[in-house]
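Q: Give me a 3D structure for the following:
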Amino acid sequence: MQLPYDIAGTAGASKGAASQERLMTEVQAVVFVIDDDPSMRAALEDLVGSVGLQARVFASPQEFLESKRPDAPGCLVLDVRLPGMSG
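A: Residues are numbered from 1 along each chain as shown. Now for the predicted structure:
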């Protein structure tokens, strides 16, 4: 799978595998996934990992808010209907 826009902002530029690998190691985006469904969390974690990004998964908004997360998310994916606190 190839994303239509790369994280360095050079969409459309032709790059070799070594350049793309260097970009991924220089900038490690973190995607936070919040979902109460274990199978959906696992699927999203696999999908995020398959494109070379790091995923951190949480079962509830409370778990996310209480976590010590020194890394700022590049993206936050959450279920809109969660028990206790909706997305």
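Q: would V77 count as being in a helix?
A: No. The secondary structure assignment for V77 gives strand rather than a helix, going by DSSP: H, G, I helix; E, B strand; the rest coil.
Q: partner residues bridging it?
A: V33 (DSSP bridges).
Q: what's near enough to touch it?
A: Contacts here follow C-beta atoms under 8 Å, 6 or more residues apart in numbering; on that basis V77 touches 31-35, 44. Yep, even glycine has a C-beta here, placed from its N, CA and C like the rest.
Q: and the gap between it and L44?
A: In this view, V77 and L44 are 6 Å apart by C-beta to C-beta, to the nearest Å.
Q: Give the intersection of the neighbour lists for those two.
A: The overlap between the contact sets of V77 and L44 (C-beta under 8 Å, 6+ apart) consists of 33, 35.
Q: buried residues in the longest helix that the chain contains?
A: Ranked by residue count and defined by DSSP state H, the top helix of the chain is helix 38-50. Taking 16 or more other C-beta atoms under 10 Å as the neighbour-count basis, helix 38-50 is seen to contain the buried residues 41, 44-45, 48.
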